[in-house]
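Chemist: show me the folded form of this:
(one chain, ligands or ions: 4)
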Amino acid sequence: MPEIHARTCHLCEANCGVLIEVEGREVLSVKGNPNHVLSEGYICPKATALPDIQNDPDRLKTPLKKVDGQWQEIEWETAYREIADRLVKILAGSKRASLYLGNPNTHIYSTTTQMRRFYKALNLRGLYSASTLDQLPHMIMQKWVYGHNALYAVPDVDRTQYMLIVGGNPLASNGSLWTVPNVRKRLKRVQARGGKIVVIDPRRTETAKVADTHYFIKPSTDTALFLGILLALDEAGLVKPGRLTSMLDAGWKSAWEDFRHFNLEQLSEFCGISVSNIRQIANDLGSGEPTICYGRMGVSVTEFGTLNHYLIAMINIATGNLDREGGVMFGLPLVDPVERSGTGSYNRYQSRISGRPEVLGELPTAELAADITIGGEGQIGALFVFAGNPVLSGPDGRTLDAALETLDLMVSIDIYMSETAVHADYILPPCGPLEKDHYPLFLAPLAVRNFAAYSPPLFEMEAGMKADWQIVAELSNAIQMAKGDTPDALVPPRKILEGMIEASTYDLKLESIEAEENGVDLGPLFSQLPDRLKTHDQKIHCAPELIMGDLARFKTGLDTRDASDLVLIGRRHVRSNNSWLHNSNRLLKGPERCTLMIHPNDAKARNIQDGAMTTVSNSVGRVEVVAEVTEDVMQGVVSIPHGYGHNRVGTKLSIAEVKPGVSINDLIDAKPMDALSGNAVLNGVAVNVAAVMA
Ligand SMILES: Nc1nc2c(c(=O)[nH]1)N[C@H]1C(S)=C(S)[C@@H](COP(=O)(O)OP(=O)(O)OC[C@H]3O[C@@H](n4cnc5c(=O)[nH]c(N)nc54)[C@H](O)[C@@H]3O)O[C@H]1N2
Ligand SMILES: Nc1nc2c(c(=O)[nH]1)N[C@H]1C(S)=C(S)[C@@H](COP(=O)(O)OP(=O)(O)OC[C@H]3O[C@@H](n4cnc5c(=O)[nH]c(N)nc54)[C@H](O)[C@@H]3O)O[C@H]1N2
Ligand code: SF4
Ligand SMILES: [Mo]
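Modeler: Numbering: from 1, shown residues only. Ligands and ions are numbered 1, 2, ... in the order given. I've put the predicted structure just below:
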């Protein structure tokens, strides 16, 4: 008899409620759960791929060991022991072990509960992760301004009257650092109550198309726009922090002195948005009604990512919209990272490669290849990659490809023989997505409403398989034993989660949350300042020294920068998920998605027809990709989605290989970074584009 199971989709930050109809182990259908407290029936096409991942014949089911270039199956215990022995020998020399954590870790709460054990086993100093390809600028800004790296100000879209979206495309991404299922409906509701949505993006994105206004912006120039908005607010007498005033430190005054050194006309020219349009945006943001300024990937993965997020925070403060209903607000999740963990470290040690400070325990992923290949004390000899695919997702993937081959030991914990895993000596594959439990540990703090939801595993694990957390815990223990240490006792993740929930300020238990198939609504976001601030004086720090230093650096660049001919940006599509959801027929069907979007004028100047093959090249690399001539991308800008390039030798992704596409990251230089966070610069890269002669 078919049965319907309610659970949460763990594939992205939205955490939609899904209803999965099964008969035995067969999935008959996946539908949105209309009664879910957050998603109200919404799902995106990716949810329907959950069974495709679960049943994918390419998904790895047994631990593998590479012997003379050939993969052999190996028992778990043997794999653990061999890895541990090899690692201990490496650690006894001058080389170190390192770890790269990929994006899916954000969605696997259970492994988080075992991570400390893993770090200890590896003697880890400096983690590499997808965070330095993504949100580290937000986090370090939050530490410096609000006093804790996890104090994310979430757009309270359900009660706002105006939202400025800069460098984010939630209609494709389903929201980021913003758990907001069915964002389309929520944005439409803003418009239905007379509010406005404005998008700033070098591409007329899916979100731009539903917005009231869209402005093109020259890539990597948003800092100028944000400064321009601040100046225009000042000029119009709209700087009104209101009740926040008493929470602002002395830096508020000095920051404004720095802002006023800029010139609105020059800023406008730099970013390509007219002075009158900047004034209009400022007037709307400062109207006194609840408004939001929100920025995401497009303003994070640039040279001034941290500065950009600081300026966004200053705009929301200047208009009185931080900690205000309908503005941007801090969540109060059931399990609260702000209360549970330290505020975050900075500069405890430096990168061996560049001398850059460690940021929140992270080293820049853009330096990973160099850390493997450049000799000297502390060179990486052993690398563990956990749910990550940096060969496709990090800058200059070809160089990393080559670097991984030189490691003394590489271990990949992954469900697929990916472009990265293919370089490993051992692959340890965890169980399928429907065989594990889910709790939105990292996502609930980012949600538009405080909520909790727990999904138990839908299926029992297949014989011989293990969950991610088990692999991490057991491997760590084997390493500790090989070192001659006694491993710590193993506490299962569920038990740890129960403890975390019991320690929370809410009067709830895991069992009662589990019993609520539609999730538990913990109410709308509410005002929490100044209590929630974690700065030593409980004030908002408005002029952190390092950020103000970077503002000065931006000023110097503003006067000297010259524009390049064509610059490359990335994009996301609602049917893909970074580099790893291309092995589902259901998601892959439809037109070719890995195309070079190019404006008609730029195409014409190069004799490029729609659908023709082009070469895109620069000093880093060269790819051949089909042109999609479209006015949706601004003149001077071309766009290739990231996560493609599934034609590397030795991978096992038979569906993805049919439409391999090319990797945008083969064109991205690993050297430029956000000076403050070490975040990679993934957009705004100069390229040459030419037609391929038939
Ligand atoms: N040019 C450019 N590059 C980008 C971006 C961009 O916008 N432009 N975006 C960046 C961003 S925001 C991010 S987050 C990164 C992502 O970068 P990564 O995290 O390095 O890459 P993913 O593509 O998410 O790869 C995830 C891997 O985890 C595996 N996996 C999936 N589920 C599980 C699981 O349950 N357990 C285990 N063990 N493995 C699993 C998949 O098979 C895949 O190999 O990419 C970044 N790269
Ligand atoms: N379907 C799908 N959903 C996803 C993912 C996915 O791969 N596919 N990935 C998930 C992950 S890991 C993340 S981090 C989020 C990201 O979520 P978002 O940030 O919402 O997604 P992006 O599509 O990267 O949006 C970045 C936008 O910035 C624009 N942009 C590029 N350069 C600039 C610039 O210089 N200035 C401005 N103003 N804009 C610029 C791009 O054109 C793009 O529209 O999405 C998540 N959700
Ligand atoms: S938006 Fe799509 S991928 Fe994200 S949680 Fe919802 S159904 Fe899953
Ligand atoms: Mo991301």
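Chemist: now the closest residue to ligand 2 within the stretch 451-600 of the chain: closest residue in space, sequence neighbours ignored.
Modeler: Per Cβ to the nearest ligand atom, residue 572 is where the stretch 451-600 of the chain lies closest to ligand 2, at 3.5 Å. The C-beta positions use only the backbone N, C-alpha and C, and glycine is treated the same way. Closest residue to residue 572 apart from its sequence neighbours, by Cβ to Cβ, 6 or more residues apart in numbering: residue 172 at 4.7 Å.
Chemist: touching, the residue of the stretch 451-600 of the chain closest to ligand 2 and residue 644? I think so.
Modeler: No. Residue 572 is beyond contact range of residue 644, at 11.7 Å (criterion: Cβ atoms under 8 Å).
Chemist: each with direction, which strands does the host helix or strand of residue 347 pair with?
Modeler: Element membership for residue 347 (DSSP states H and E) is strand 346-350. Sheet pairing here is set by DSSP bridges, and for strand 346-350 it gives strand 357-359 (antiparallel).
Chemist: how about residues contacting the strand it pairs with?
Modeler: Strand 357-359 is contacted by residues 126, 132, 136, 140, 345-351, 676-678 when judged by Cβ atoms under 8 Å, 6 or more residues apart in numbering.
Chemist: again, but for stretch 68-82
Modeler: By Cβ under 8 Å, 6+ apart, stretch 68-82 touches 62-66, 426-428, 464, 466, 474-475, 478, 482.
Chemist: nearest to residue 256 among those residues?
Modeler: For those, the residue nearest residue 256 by Cβ to Cβ is residue 475; the value is 52.4 Å.
Chemist: give me the contact list for the helix or strand where the closest one lies.
Modeler: Per DSSP H and E: residue 475 is located in helix 468-482. Outside helix 468-482, the residues that touch it by Cβ under 8 Å, 6+ apart are 76, 80-81, 83-85, 87-88, 108, 110-111, 113-115, 117-118, 120-122, 386-387, 411, 413, 428, 430, 436, 466, 486-488, 490, 493.
Chemist: now the helix or strand just after that helix: mean pLDDT?
Modeler: As assigned by DSSP H and E, the chain's next helix or strand after helix 468-482 is helix 493-502. Computed over helix 493-502, the mean pLDDT rounds to 97.
Chemist: and helix 493-502, what's buried?
Modeler: Buried positions in helix 493-502, judged by neighbour count with 16 or more other Cβ atoms under 10 Å: 493-494, 496-497, 500-501.
Chemist: check stretch 275-294 too.
Modeler: Here stretch 275-294 shows 277-282, 284-286, 289-294 as buried, counting by 16+ other Cβ under 10 Å.
Chemist: center of the chain, which residue is that?
Modeler: Residue closest to the average C-alpha location in the chain (Cα atoms, centre = their mean): residue 134, at 4.5 Å.
Chemist: what sits against the residue lying closest to it once chain neighbours are set aside?
Modeler: Nearest residue to residue 134 in three dimensions, chain neighbours excluded: residue 300, at 6.6 Å (Cβ to Cβ, 6+ apart). Going by Cβ under 8 Å, 6+ apart, residue 300 touches 134-135, 137-138, 167, 308-309, 674, 679.
Chemist: now residue 300: phi and psi?
Modeler: Main-chain dihedrals, residue 300, degrees, to the nearest 10: phi -90, psi -50.
Chemist: number the residues from 15 up from this point.
Modeler: I'll keep to 15 as the first residue from here, and by that count the last item is residue 314.
Chemist: which of the contacts of stretch 82-96 sit farthest apart?
Modeler: 478 and 496 (23.4 Å).
Chemist: between these two, which one's more packed in?
Modeler: residue 496 (20 against 11; other Cβ atoms under 10 Å).
Chemist: if we can go back for a sec, roughly how far does the residue nearest to the centre of the chain sit from residue 579?
Modeler: 28 Å (Cβ to Cβ, to the nearest Å).
Chemist: do the same with residue 509
Modeler: Residue 509 is 58 Å from residue 579, by Cβ to Cβ.
Chemist: so residue 43: helix, strand or coil?
Modeler: The assignment at residue 43 comes out as strand when based on DSSP: H, G, I helix; E, B strand; the rest coil.
Chemist: isn't it up against residue 35?
Modeler: Yes. With contacts counted by Cβ under 8 Å, residue 43 reaches residue 35, the gap being 4.5 Å.
Chemist: can I take it that residue 465 is in a strand?
Modeler: Yes. Under three-state DSSP, residue 465 falls within a strand.
Chemist: which helix or strand contains residue 103?
Modeler: helix 90-106.
Chemist: what's in contact with the helix or strand that that helix is followed by?
Modeler: Next along the chain after helix 90-106, taking DSSP H and E as the criterion, comes strand 110-115. Here strand 110-115 makes contact (Cβ under 8 Å, 6+ apart) with 101, 104-105, 132-133, 136-145, 379, 382, 385, 392-402, 404.
Chemist: noted, bye for now.
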